[in-house]
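Novice: predicted model and sequence below, questions to follow.
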Amino acid sequence: DGSARNVWIMSYLELAGLQKRYGASIAVDEVSLSVAKGESVALLGPSGCGKTTTLRMLAGLIAPDRGTIRVDGTEITRLPAHKRNMGYVFQSYALFPHLSVARNVAFGLEERGVARAEIARQVAEGLAMVQLGHLGERRPRELSGGQQQRVALARALVIRPSVLLLDESLSNLDAKLRDAMRHEIRSIQRSLGITTLFVTHDQVEALTMCDRIAVMNRGRIAQIGTAEDIYERPATRFVAEFVGRMNALPATRDGDGKVLLWGGRQQLAAPLEGAFDLFVRPQRMRIVAPSETVGETNLRVAGRVLRSVFVGDHVEVLVEGAGGQLTVEMPSGTALPAEGDEVAVIWPTADSLAFAREAA
Ligand code: ATP
């Protein structure tokens, strides 16, 4: 139909059915992904899910067993790395230690035989963009981690790559610098309109740096969507558990539109047969007195407060009941329940997600 066709026309970077095996194990399993021109997409997933392998296939550093890669309509699946015009920033930055910062940035331009005056101009421009114009003569070891990171970024960007690939490139920085760099890279990416694929296992990074997130699990894309899609409407149990904090409450269907939840019968049109888990975000839950009645649009469980932990902008209250434990996130400044208090925990039914229990 028309919308599907538009998506196809908009697609700039296109992975179709990419697969990579190592012996009997499949590192990347039928990964398909369309990225629009100028879009930034994060590959987010736990260690070993195939993020780096996917990125390295894009860069041309390893060959896929199956599938195709296209950029702007041209297939590049078998093209050698240096002919792909991709900017790749590694986790380790991989700067040349014996070369000055300026020569590091010039490297890709020299390789392409760009004229010297033009190289000087573009290097100056690249270093200015990452705010390192004054450090061009230093060696990489004379720079901080964040500065090295920027040199690697400038080096990748001066060749005007068709696609920018970033592999956990902020993970060596301390928390504050990482946060600043996220915003800086995002703003450079946006102002240049450069199509970017970003590998991370850090959710905040994925949320702040990207237009869309592809959540990977065991070599496959579990879900792709905006940060809000992924967070509010996780498509699978894995995504619900991996992205953001979640409570999982064991539940059982109990006939005539009721569900057994933490020992109480609740009004809930259960979408699943038998035993399942009900997922609820801690910040959607509220603690009330056990005597308080809940409306029809809320669910409720009873429990006892194990402890409250102050974590700056909010308080986490751990509650234990018949079905196990759950965490409620309350704004700090609200009256806190005391340890040992008998309480009820309530939340809007619409904020619950049901997923089948996984076989152990
Ligand atoms: P991390 O976040 O830890 O970097 P990742 O998601 O990037 O993980 P990959 O590095 O792509 O994961 O690895 C995916 C799977 O393929 C892993 O199980 C890994 O052990 C395996 N693998 C990767 N490279 C090789 C290799 N050269 N030989 C054998 N197995 C490999």
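Specialist: Sure, I can see it.

Novice: who are the contact partners of residue 281?
Specialist: 244-247, 351 (CB atoms under 8 Å, 6 or more residues apart in numbering). Just so you know, the C-beta spots here come from the backbone N, C-alpha and C atoms, and that holds for glycine as well.

Novice: run the last query once more with 10 Å
Specialist: 231-232, 240, 244-247, 327, 329, 347, 351-353 (CB atoms under 10 Å, 6 or more residues apart in numbering).

Novice: ok, residue 70 next?
Specialist: Under the criterion of CB under 10 Å, 6+ apart, the neighbours of residue 70 are 11-16, 34, 76-77.

Novice: which ones among those map onto strands?
Specialist: Mapping the contacts of residue 70 onto strands (DSSP state E) picks out 11-16, 34.

Novice: which of the three states applies to the residue of the chain most remote from its centre?
Specialist: Computed with CA atoms, centre = their mean, the residue of the chain farthest from its C-alpha average is residue 291, at 41.2 Å. Residue 291 carries the three-state label coil when classified by DSSP: H, G, I helix; E, B strand; the rest coil.

Novice: ok, it - contacts?
Specialist: 342, 344.

Novice: could you do the one 4 residues further on as well?
Specialist: The contact partners of residue 295, taken as CB under 10 Å, 6+ apart, are 346, 348-349.

Novice: go through those residues and flag which are in strands.
Specialist: Reading strands off the contacts of residue 295 with DSSP E, I get 346, 348.

Novice: show the buried residues in the contacts of residue 295.
Specialist: 346, 349 (16 or more other CB atoms under 10 Å).

Novice: next secondary structure after the longest helix along the chain?
Specialist: Of all segments of type helix in the chain, defined using DSSP state H, the longest is helix 175-192. Remark: after helix 175-192, the chain's next helix or strand is strand 195-200, criterion DSSP states H and E.

Novice: distance of whichever residue of the stretch 251-360 of the chain sits closest to the ligand relative to residue 350?
Specialist: Closest contact between the stretch 251-360 of the chain and the ligand, by CB to the nearest ligand atom, is at residue 358 (19.9 Å). Per CB to CB, to the nearest Å, residue 358 is found 24 Å from residue 350.

Novice: for the residue of the stretch 201-350 of the chain found nearest the ligand, give me the pLDDT.
Specialist: For the stretch 201-350 of the chain and the ligand, the shortest gap (CB to the nearest ligand atom) falls at residue 201, measuring 5.0 Å. For residue 201, the model assigns a pLDDT of 86.

Novice: what number of residues lie near it?
Specialist: 18 (other CB atoms under 10 Å).

Novice: residue contacts, it?
Specialist: 43-49, 51, 168, 171, 216, 242.

Novice: so which elements touch the longest helix of the chain?
Specialist: strand 40-44, helix 116-129, helix 145-158, strand 163-167, strand 195-200, helix 203-209 (3 or more CB pairs under 10 Å, 6 or more residues apart in numbering; DSSP states H and E).

Novice: hang on, the earlier thing: my hunch is that the residue of the stretch 251-360 of the chain closest to the ligand is in a strand, does that hold up?
Specialist: No - if the criterion is three-state DSSP, then residue 358 is coil and not within a strand.

Novice: hmm, residue 203 and residue 44 touching each other?
Specialist: Yes - between residue 44 and residue 203 there is a contact at 6.7 Å, judged by CB atoms under 10 Å.

Novice: can you tell me the SS state at residue 277?
Specialist: Counting by three-state DSSP, the backbone at residue 277 sits in strand.

Novice: report the contact partners of it.
Specialist: 237, 240-241, 246-251, 323, 353-358.

Novice: can you do 6 Å?
Specialist: Counting by CB atoms under 6 Å, 6 or more residues apart in numbering, residue 277 touches 248, 250, 355, 357.

Novice: can you put the residues you listed in a markdown table and add pLDDT?
Specialist: Shown next, in a markdown table, are the contacts of residue 277 (pLDDT from 0 to 100):
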| residue | pLDDT |
| --- | --- |
| 248 | 95 |
| 250 | 93 |
| 355 | 92 |
| 357 | 84 |
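
Novice: in PyMOL, how would I select the buried members of those?
Specialist: To isolate the buried members of those in PyMOL, using 16+ other CB under 10 Å:
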select buried, resi 248+355
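
Novice: of all the contacts of residue 277, which comes closest to residue 164?
Specialist: residue 355 (35.1 Å; CB to CB).

Novice: and the protein, what are its domains?
Specialist: 2-242, 247-356 (automatic domain parsing).

Novice: need the winner for burial among the ones you listed.
Specialist: Among the domains of the chain, ranked by average contacts under mean count of other CB atoms under 10 Å, first place goes to domain 2-242 (a mean of 18).

Novice: where is pLDDT lowest across the contacts of residue 201?
Specialist: Within these, lowest confidence goes to residue 171 (75).

Novice: and the gap between that one and the ligand?
Specialist: Residue 171 sits 9 Å away from the ligand when distances are taken as CB to the nearest ligand atom, to the nearest Å.

Novice: wait, a helix at that residue?
Specialist: No - applying three-state DSSP, one finds residue 171 to be coil, outside a helix.

Novice: give the contact list for it.
Specialist: residue 91.

Novice: reformat the contacts of residue 70 as TSV; add pLDDT.
Specialist: Formatted as TSV, the contacts of residue 70 follow (pLDDT from 0 to 100):
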residue	pLDDT
11	88
12	95
13	96
14	96
15	97
16	96
34	95
76	96
77	96
